[in-house]
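Trainee: Got a predicted model here, sequence first, then my questions.
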Amino acid sequence: MMPMFHALPRLALLLLLTACAAAAESLPTATPQVPEQVSDAGWEQDMQRFAAEDATSPPPAGAVLFIGSSSIRLWDTLAADFPGVTVINRGFGGSEIRDSTWYADRIVVPYRPRLIVLYAGDNDLNSGRSPRQLLQDFRDFVLRVRRDLPDVRIAYIASKPSPSRAALLDTQRQANALIQAEAARQPHLDFIDVFTPMLDASGQPREELFIADRLHMNRTGYALWQRLIAPYLPPR
């Protein structure tokens with residue numbers, strides 16, 4: 001029979017291991033930083049297209065980088081709308097904030113921009129992200145970028161109200177308010193409110209700002225964005 005003073009240390013060790021295992025099981029699992037669709041072949045094609053453009057015509061350091069979803073991708077008059085500013089357009093359609101974070105080492109950091117203008121958020125909310133999740137996604141983007149570019153200014157364009165997604169209006173208001181408060185709390189962060197000016201007198205999205213799909217903007221919509229964003233852009 002094993003003496004009691006030998007059995008006790010083994011028993012104590014067994015109890016400790018059991019407790020550790022139980023604690024580990026109770027820990028919350030981390031939310032993935034990027035969604036499953038980041039491996040979408042279409043987006044990889046976008047990344048390769050951007051790389052090819054950079055190889056042919058390397059953009060200068062210190063430009064203003066516009067990045068985000070289709071509202072950026074479809075802004076084909078971006079350079080003409082800001083003639084005194086060197087701009088880079090790296091929008092890729094349907095993307096979410098987490099996707100820009102995922103691809104930051106390819107389409108943010110190498111450009112060494114002086115300002116990053118980010119538009120993403122309504123796709124995220126439409127796919128089921130909550131306002132607080134969107135806030136955390138924005139924080140993750142800022143942290144990722146500032147790991148390599150600690151002093152870069154980042155301007156976040158508010159989630160826009162679209163007629164086809166009018167059901168999201170309250171959720172967008174909440175998300176925009178959270179990100180606006182975060183921008184006010186941190187240095188070198190700006191919040192650009194495009195949400196309010198895109199509403200009509202009854203508080204609904206202005207139909208005249210959109211193309212037939214009622215989701216993407218027409219030239220009138222982009223002209224409004226140009227006026228709202230221009231004060232935040234540094235001169236060339």
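Mentor: That came in fine, so what should we check first? Numbers count the residues shown, from 1 in each chain.
Trainee: Go ahead and flag the most central residue of this protein.
Mentor: Ile97 (2.5 Å; Cα atoms, centre = their mean).
Trainee: So that one sits against Leu134, correct?
Mentor: Yes. If you go by Cβ atoms under 8 Å, Ile97 and Leu134 touch, sitting 6.8 Å apart. Where you see a C-beta, it was placed from the backbone N, CA and C, and this is true even at glycine.
Trainee: list the residues that contact both of the two?
Mentor: Contact criterion Cβ atoms under 8 Å, 6 or more residues apart in numbering; residues shared by Ile97 and Leu134: Gly121, Asp124.
Trainee: quick one, what contacts the residue nearest to the centre of the chain?
Mentor: Per Cβ under 8 Å, 6+ apart, neighbours of Ile97: Gly68, Leu118, Ala120, Gly121, Asp124, Leu134, Asp137, Phe138, Asp140, Phe141.
Trainee: Return the subset of those residues lying in strands.
Mentor: Using DSSP state E, the subset of those located in strands is Gly68, Leu118.
Trainee: how about the strands of this protein, start to end?
Mentor: Using DSSP E, the strands found in the chain span residues 64-68, 87-91, 115-119, 153-157, 189-192.
Trainee: Could you give the number of residues near Asn135?
Mentor: Careful, residue 135 is Leu; it's not Asn. For Leu135, the count of nearby residues is 19 (other Cβ atoms under 10 Å).
Trainee: so what's Leu233 up against?
Mentor: Applying Cβ under 8 Å, 6+ apart, we find Leu233 in contact with Val64, Phe82, Val85, Leu115, Val117.
Trainee: Which one of the residues you listed is nearest to Thr56?
Mentor: Val64 (20.3 Å; Cβ to Cβ).
Trainee: before we move on, back to that, export the contacts of Leu233 to TSV and tack on neighbour count?
Mentor: Converted to TSV, the contacts of Leu233 look like this (neighbours: other Cβ atoms under 10 Å):
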residue	neighbour count
Val64	23
Phe82	18
Val85	17
Leu115	20
Val117	25
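Trainee: can you name the two of those residues that are farthest apart?
Mentor: Maximum pairwise distance in these, criterion Cβ to Cβ, is 11.1 Å, between Phe82 and Leu115.
Trainee: Show me which helix or strand of the chain is least confident by mean pLDDT.
Mentor: Lowest mean confidence among the helices and strands of the chain (mean pLDDT, DSSP states H and E): helix 4-26, at a mean of 45.
Trainee: At which residues are the helices of this protein located?
Mentor: 4-26, 41-56, 70-73, 78-81, 97-102, 104-107, 122-126, 131-148, 169-185, 219-229 (DSSP state H).
Trainee: In the chain, where is pLDDT below threshold?
Mentor: Counting by pLDDT under 70, the chain has low-confidence residues at 1-42, 236.
Trainee: go with 80
Mentor: Scanning the chain for pLDDT under 80 picks out the ranges 1-42, 235-236.
Trainee: Would you check how far apart Gly128 and Ser71 are?
Mentor: Computed as Cβ to Cβ, to the nearest Å, the Gly128 to Ser71 distance reads 20 Å.
Trainee: When these two are compared, which one has more neighbours?
Mentor: Neighbours were counted for Gly128 and for Ser71 using other Cβ under 10 Å; Ser71 has more, 26 against 7.
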